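**Q** just need the structure, nothing else, for what follows:
(chains A, B and C)
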Amino acid sequence: MATCFLTGVSKSPVGGFVDAVLRGVGQVFLQNNPLSGLLFLVGVFLSNCVVGLYALLGVAVSTATALAAGVDRSTVQRGFYGFNGTLTAVGLATYVKHGYALVGYVVLASMAVPVLTAATRDFLSSEHLPTLTAVFVLTAWTFLAGLRQFSHFTGSPAFARPHLPVGTPHTSGALTPSDLLFGFFNGFSQVLLQTGLWTGAAFLVGILVNSRLSAVVAAIGSLIGLGIGWAFGMPAGTLHEGIPGYNAVLTAIALGGLYYLLSLWSAVLAALAAVASVVVYAMFATVLAPIGLPVLTAPFVATTWACIFAAASFTRLRAVHPADAGTPEANLRSTRSSPGKA
Amino acid sequence: MATCFLTGVSKSPVGGFVDAVLRGVGQVFLQNNPLSGLLFLVGVFLSNCVVGLYALLGVAVSTATALAAGVDRSTVQRGFYGFNGTLTAVGLATYVKHGYALVGYVVLASMAVPVLTAATRDFLSSEHLPTLTAVFVLTAWTFLAGLRQFSHFTGSPAFARPHLPVGTPHTSGALTPSDLLFGFFNGFSQVLLQTGLWTGAAFLVGILVNSRLSAVVAAIGSLIGLGIGWAFGMPAGTLHEGIPGYNAVLTAIALGGLYYLLSLWSAVLAALAAVASVVVYAMFATVLAPIGLPVLTAPFVATTWACIFAAASFTRLRAVHPADAGTPEANLRSTRSSPGKA
Amino acid sequence: MATCFLTGVSKSPVGGFVDAVLRGVGQVFLQNNPLSGLLFLVGVFLSNCVVGLYALLGVAVSTATALAAGVDRSTVQRGFYGFNGTLTAVGLATYVKHGYALVGYVVLASMAVPVLTAATRDFLSSEHLPTLTAVFVLTAWTFLAGLRQFSHFTGSPAFARPHLPVGTPHTSGALTPSDLLFGFFNGFSQVLLQTGLWTGAAFLVGILVNSRLSAVVAAIGSLIGLGIGWAFGMPAGTLHEGIPGYNAVLTAIALGGLYYLLSLWSAVLAALAAVASVVVYAMFATVLAPIGLPVLTAPFVATTWACIFAAASFTRLRAVHPADAGTPEANLRSTRSSPGKA
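**A** Below you'll find the predicted structure:
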C-alpha cells in the first residue's frame, strides 16, 4: 500500500521527523500519507522553487516547535502540527520578496502555528469539529496584515492586489477551452496559492495515491466550482486561474466521504456545499478587499464547519468523528465491519 | 384563541406545511403563531408584492429542505427552520433586481439556511442561547457580499448605499410630527427591510394577536429607539425611516418577558438594552460602510445575546430557557402554576 | 504588605466600594491591589485630569451597576466588574471632547460593561480562560464606531486618526536615545491610552508594589516590544510613543508567572508571545484602518488567549487556573506548599 512507502524509514528518529513533515504537507489536502505530501511538495517546486523551500522551512519549524513544547507525539506524527506551517510559509513567501527579514518572519509565524493549533484543537474538540486550515488562515492573515506596518519587507507584485485575480488581462476575452482546462487544474494548484497545469496534476495524483474516492470527489468539486463561477458570471480570467474551484475541491474532499460516510444524501450535501463555497469565496473577496488581504482557504473552513456542525440535526446523514476519519474507503470499511457502532 | 386559527387545516400534510410556513414568518418577530405570520406577509405585500413573493419562496424552500434533511419535525413545525429563509429572501430581493439568476440565488441561499440553522442551534444550545436572527444576518451578508464578484445580477438602487439611509433627502429639514409618526411605524417595517405606515401597522397587529404584552413592549421599544436616535443627534430622515427603532423593537420583545420573566428589573434591563441597540446599530453602520453591506438585524442579535448570556450572574432576574419561552403571558402563567420550578 | 493598605477602610460599606473601585483600576494591569489602582489613577491624572475624572466615573458606574444587578459580591470586590469600565471611559474621553452628551454616553457604556462582563465570564469560564480586557475592547469599539452616526458629539483631534500614531512628525528622523527612553515608559502609558514618562513610571511602580516579578517581566515585555518594532522597521515616532510595547507589557505580565507558573519554558513562551503581540498589533492596525478604530488592547487579548488555550497540549508548562491566579510569587508559593495539586 502507498501508506507503507516510508514505514521502514520512519522508525529512526530522523526518519520519523521526515515522515511527520511529509504527512504534514499531505494534510494540506486532508491526506495522512507521506507519499501524498511528497507529491504536493513536487507540485509546489514545479511552480516556484523559492516558495517550495519556504514550504519546507514552515512545516519543519512548526513540527519541531510542537515536539519541543511536549505535544502528544502521535498527533504530531500524523502531520496535524505541520500542515498549517507549510501553508503559512507558502502564503508569506507568495506575497513577500525573499530576504533575511522574511526568513525570520516565517520562522516566527511557523512557531506561532503550533500554539494556535493546540488552542484550536482544544476549543473545537468539544464541538467534534476538525480544525481544517483555520490556523493557516488566521496566522497568514495576521502576519500579512502586520506587514503593512513594517518597512523592512518588500511586497511581491501579488501583494498590491492580494484579493486574488478578479479582473486580470484575461478578463475581456470570451471563455476558451484552454480556460476550462487550466481552470480545472488550477482549482487544485490554488489550494497552495500556485498556478499551472503540472502543479495541479501533481496535487491530483497526490490525492489519488492515498484515496481514489477522494480524488474523484475532488475532481467533481473543481468542476462544480468552475461551473458555478461561470453560471454566476465570473470573468473568464478568474475561471482560468482556478479561483472558484479551490475551495470547492477541499470542501468536496472533506464532506464527500471523510467527515460524513459516503452515501447518496452525503454526496448531495457535498455537492451543494461545493456550490455554496463559491458564494462564500465571493463574500470573502468583497469583505477583505478594503483591508488588502487574500481570501486563502477561509471559504473552505467556513462552509465545511457549517455542514459538519449541522450533522447532529440531519438524521439522514452519518457523521464520522474527526478522530476516526481516515479515507472515504476506510470509513466505509470500518462501518461495514462494525455496523452496530455507526 | 388566535393560535387556534389554523389548527384544523394543519392536520393534513399540506395544511401542516402551510402552518409551518406561516409560523416561520411569525418567528421573524419571535411569534410562534400562523395568524401573526399571515399578517406579517400581508404587511410585506402592502409594501412590495415582488418582495412578498420572494418572502414566500424563501420560507417554503427553507422549510422543505429542513424536512428533506430529516430534521426533527416538531422543531420545523414551530417555524424555527423557516424564518431565516423569509428574511434572507426579503434581504436579497430588496437589494437585487428580480430575474432568473436571482430566483436561483435565493433558492440556493434558502437551502443554506437550514444547514446554518442546524449548526447554530447545535452550537448555541449548550450555551442556552436562542439563535434569534443570526442565521439570516450571516446568510444575507454572505450572499449580498458575494454578489459584487458576479456579473449576472443587477443591483437595485438600494444596493449602491446598503448601509441604511443615513443622509437621505429628509436630512436637511427639522424634525416634524410626521417624522415621528412614520418613525414609530417604520421601526416595525424595517425589521423586514420595508417602509410604510400600513406595513408597520400590520406588523404591530400581527404581534398583538399573539401577545398583548409583547405588542406593548415592542411599541415602547420603537419609541425608545426614536428617542435615543434623536437625543444622540441622528438626522431627521434617518429617524423618519425607522432606522434607530427596528432593533430596539426586537430587543424589547426578546428581553421584555420572553427570555426573562417580566418584572420591574427585567423591564429596566429591556429598556437599557433597547437604548444600547441604537449604539450597536450605529457601530455596525460604521463598520460595514467600507464593505458596502446593510446592518440588517445584527444589533438585535448581538445586544440580546449579551443580555441573555449575563443571566447566570444577575441574580435579580429570572431567565426563561429558550426551549420553554412562549409569550410573556404564558411564561408568567407557567411560573405561577409551578413556583418551585423557577 | 502593600495589599493591606486599605484593609481597615474597606470594612465600612463606603470603604468597601472605594476598595472595589481602586482594585478595579488595579486590574487594568492585572493587579488585584487597591494601592496599585491608586498609582494607576495618579498616572492618568498626571497625563490628563479630565480623562482621569472620566476614569473614576467609568469604574464607579460599572461597579455600582454590577452590585445593583445582584452580581456575586466577592467577584465585584476583586475589581473584576470595574476595570473594563475605567478603560472604556478613558477610551471614550480620549477620542471625544468633554460635554454633557459625552457624560451620558460614558454612563451608558459603563452600564453596558457589567452586562458584557457577566456574559463573557460565563462563556469563558467553561474554557478556563480569563476575560482579560476583552469587554473593554468590545465596548469601546462599539461606542467609538457608533459615534460616527451621531451628530451631538465632537471628536478630539485623535479621533481623526484613531489607529494609533503610525507616521507622526517624529517619523522622518532617525532613532535617538530619547526615543528609546520614552518608548520604554510609553509602553506602560499606552495601556491606558496615555503618553508621558511620569505616567509610565507611575504605572510601573503601581505594578511593583503588588509584585516585583510582574514588574520585572513587564519591563522586559516593554523592551521586547521596542526591539521587535525596531527590527521589523517601525518608524522612530511610533517607537517613541510606545506603540509596539503596550501589548507586549500586558502579554508578558499575563503569561510570565500569572496564568502559567514561572519557569524556564513559560518564560520562553511569554517572550515569544510578547514578540507575537507586536505582529498582532500591526495586524489590527491594518484591519481597523478602513473603519477608523483604534487598536486598544485587542492584541494582548488575542495573543494571551491563544497561549492559555494551548496549555492543555503543552505538557512542559504548568497552567494556573484563572480563579487561582494571584501574583507570580503567590502562584509559586501555593504550588510549593501543595506540590501534589499542581
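**Q** buried residues in the helix or strand that contains residue A:284?
**A** Element membership of residue A:284 [criterion: DSSP states H and E] is helix A:264-288. Under the neighbour-count criterion of 16 or more other CB atoms under 10 Å in any protein chain shown, helix A:264-288 has A:265-267, A:269-288 buried. The C-beta positions use only the backbone N, C-alpha and C, and glycine is treated the same way.
**Q** so which elements touch that helix?
**A** helix A:212-231, helix A:246-253, helix A:298-309, helix B:100-125, helix B:134-147 (3 or more CB pairs under 8 Å, 6 or more residues apart in numbering or on different chains; DSSP states H and E).
**Q** now the helix or strand residue A:18 falls within: how far from the chain's centre is it?
**A** When elements are assigned from DSSP H and E, residue A:18 belongs to helix A:13-26. Counting by CA atoms, centre = their mean, to the nearest Å, helix A:13-26 is centred 18 Å from the centre of its parent chain.
**Q** helix A:212-231 and whatever helix or strand comes next after that helix, what's the angle between them?
**A** Counting by DSSP H and E, the next helix or strand C-terminal to helix A:13-26 is helix A:34-47. For helix A:34-47 against helix A:212-231, the angle by axes from the mean of the first three to the mean of the last three CA atoms, to 10 degrees is 40 degrees.
**Q** need the residues that contact helix A:34-47.
**A** A:2-3, A:5-6, A:10, A:18-19, A:21-29, A:31, A:51-52, A:55-56, A:79, A:90, A:189, A:192, A:194-196, A:198-203, A:205-207, A:209-210 (CB atoms under 8 Å, 6 or more residues apart in numbering or on different chains).
**Q** and what of stretch A:193-205?
**A** Against stretch A:193-205 from outside (CB under 8 Å, 6+ apart): A:29, A:39-40, A:42-44, A:46-48, A:51, A:90-91, A:94, A:181-182, A:184-189, A:191-192, A:215, A:218-219, A:241-242, A:294, A:296.
**Q** if you set the cut-off to 6 Å instead, what comes out?
**A** Contacts with stretch A:193-205, where a contact means CB atoms under 6 Å, 6 or more residues apart in numbering or on different chains, come from A:39-40, A:42-43, A:46-47, A:90, A:94, A:185-186, A:188-189, A:241.
**Q** same check on stretch A:257-266?
**A** A:213, A:308, A:316, A:317, A:318, A:319, A:320, A:325, A:328, A:331.
**Q** can we see that at 7 Å?
**A** Outside stretch A:257-266, the residues within contact range by CB atoms under 7 Å, 6 or more residues apart in numbering or on different chains are A:30, A:130, A:213-214, A:217, A:255-256, A:269, A:308, A:316-320, A:322, A:325, A:328, A:331-332, A:335.
**Q** returning to that earlier point: pull the distance from the helix holding residue A:284 to the chain's centre.
**A** The chain centroid and the centroid of helix A:264-288 are separated by 15 Å under CA atoms, centre = their mean.
**Q** out of the contacts of stretch A:193-205, who's the most crowded?
**A** Highest neighbour count within those: residue A:188, with 32 neighbours (other CB atoms under 10 Å in any protein chain shown).
**Q** isn't that one right up against residue A:250?
**A** No - contact between residue A:188 and residue A:250 fails when scored by CB atoms under 7 Å: they sit 9.7 Å apart.
**Q** please list the residues of chain A that sit near chain C.
**A** Chain A has residues A:69-72, A:108, A:111-112, A:115-116, A:118-119, A:121-123, A:142-143, A:145-146, A:148-152, A:290-291 near chain C, with proximity defined as CB under 7 Å from any CB of the partner chain.
**Q** repeat that for 6 Å
**A** By the rule CB under 6 Å from any CB of the partner chain, the part of chain A lying against chain C is A:69-71, A:112, A:115-116, A:118-119, A:122, A:142-143, A:145-146, A:148-152, A:290-291.
**Q** give the ChimeraX command for selecting the buried subset of these.
**A** In ChimeraX syntax, the buried subset of these is picked out as below (16+ other CB under 10 Å):
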select /A:69,71,112,115,116,118,119,122,142,143,145,146,148,149,150,152,290,291
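**Q** for the helix holding residue A:18, packing partners?
**A** Here helix A:13-26 touches helix A:34-47, helix A:49-68, going by 3 or more CB pairs under 6 Å, 6 or more residues apart in numbering or on different chains; DSSP states H and E.
**Q** let's see the shortest one as CSV, backbone CA atoms only.
**A** Coordinates of each C-alpha in helix A:34-47 appear next as CSV, following Å, rounded to 0.1, in the frame of the first residue of the first chain:
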residue,chain,number,x,y,z
PRO,A,34,3.8,10.8,3.3
LEU,A,35,3.8,10.0,-0.4
SER,A,36,0.9,12.4,-1.0
GLY,A,37,2.9,15.1,0.9
LEU,A,38,6.0,14.4,-1.3
LEU,A,39,3.9,14.8,-4.5
PHE,A,40,2.4,18.1,-3.1
LEU,A,41,5.9,19.4,-2.5
VAL,A,42,6.9,18.3,-6.0
GLY,A,43,3.9,20.3,-7.3
VAL,A,44,5.0,23.4,-5.4
PHE,A,45,8.6,23.1,-6.6
LEU,A,46,7.4,22.8,-10.2
SER,A,47,5.6,26.1,-9.8
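**Q** what about it, distance to the chain center?
**A** 13 Å.
**Q** what does the last one give?
**A** From the chain centre to the centre of helix A:49-68 is a distance of 16 Å (CA atoms, centre = their mean).
**Q** how is chain A divided into domains?
**A** A:15-152, A:167-342 (automatic domain parsing).
**Q** got these as a markdown table, with mean pLDDT columns?
**A** Putting those into a markdown table (pLDDT from 0 to 100) gives the following:
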| stretch | mean pLDDT |
| --- | --- |
| domain A:15-152 | 92 |
| domain A:167-342 | 90 |
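**Q** could you dump these to JSON lines with distance to residue B:61?
**A** As requested, the domains of chain A are exported to JSON lines (distance: least, CB to CB, whole Å):
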{"stretch": "domain A:15-152", "distance to residue B:61": "27"}
{"stretch": "domain A:167-342", "distance to residue B:61": "12"}
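**Q** for those, which one sits closest to residue C:177?
**A** In terms of CB to CB, the element of those nearest to residue C:177 is domain A:15-152, at 21.1 Å.
**Q** now do the same end-to-end measure for the closest one.
**A** End-to-end distance for domain A:15-152, by CA to CA, to the nearest Å: 37 Å.
**Q** what's the burial count for the nearest residue to residue A:120 once chain neighbours are set aside?
**A** Distances taken as CB to CB, 6 or more residues apart in numbering or on different chains place residue A:131 nearest to residue A:120, at 4.7 Å, with adjacent residues excluded. Using other CB under 10 Å, residue A:131 has 23 other residues around it.
**Q** who touches residue A:131 in this structure?
**A** A:120, A:121, A:124.
**Q** which single one of those residues is nearest to chain C?
**A** For those, the residue nearest chain C by CB to the nearest CB is residue A:121; the value is 6.9 Å.
**Q** and for that closest one, the neighbour number?
**A** For residue A:121, using other CB under 10 Å, the count is 22.
**Q** for it, give me its contacts.
**A** Residue A:121 neighbours (CB under 6 Å, 6+ apart): residue A:131.
**Q** what's the distance between it and residue C:113?
**A** Distance from residue A:121 to residue C:113, counting by CB to CB, to the nearest Å: 32 Å.
**Q** so residue A:136 touches residue A:89, yeah?
**A** No - if you go by CB atoms under 6 Å, residue A:136 and residue A:89 don't touch, sitting 9.7 Å apart.
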